[in-house]
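> got a predicted structure here, sequence first:
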Amino acid sequence: MARSDIAEVRKLSDGDITTQIDGTRRELFTLRFEQATRRLENPHRFKAARIKLAQLLTVQTERQRSAAS
């Protein structure tokens, strides 16, 4: 899984960002579950998922703050 560029995330609509945030959180939950049951084959997916979630949340927060002001 390649890391996405923040510019690509900024092109998404608000609804798409919310959907991807939910999906990424679900993915992290699944990865933690697989790690606990020792079925996780690629532990590097944690870092990629956390980075993606951080980018999505950053863009969401930026948009909320710009809409509020």
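That came through fine. As the structure is a prediction and not an experimental result, all values here were calculated from the model. Residues are numbered from 1 along each chain as shown.

> pLDDT below threshold where in this structure?
1-4 (pLDDT under 70).

> ranges for the helices of it?
With DSSP state H, the ranges of helices along the chain come out as 6-10, 14-36, 45-68.

> packing partners of the last one?
When contacts are defined as 3 or more C-beta pairs under 8 Å, 6 or more residues apart in numbering; DSSP states H and E, helix 45-68 sits against helix 6-10, helix 14-36. Using the backbone N, CA and C atoms, a C-beta is placed for each residue, glycine as well.

> redo those as TSV? Include mean neighbour count.
What follows is the helices and strands packed on helix 45-68, written out as TSV (neighbours: other C-beta atoms under 10 Å):
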stretch	mean neighbour count
helix 6-10	12
helix 14-36	14
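
> mind checking how far A68 is from E62?
Computed as C-beta to C-beta, to the nearest Å, the A68 to E62 distance reads 11 Å.

> still on that earlier bit, dump the helices and strands packed on helix 45-68 to JSON lines, plus distance to R50.
As requested, the helices and strands packed on helix 45-68 are arranged in JSON lines below (distance: least, C-beta to C-beta, whole Å):
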{"stretch": "helix 6-10", "distance to R50": "14"}
{"stretch": "helix 14-36", "distance to R50": "7"}
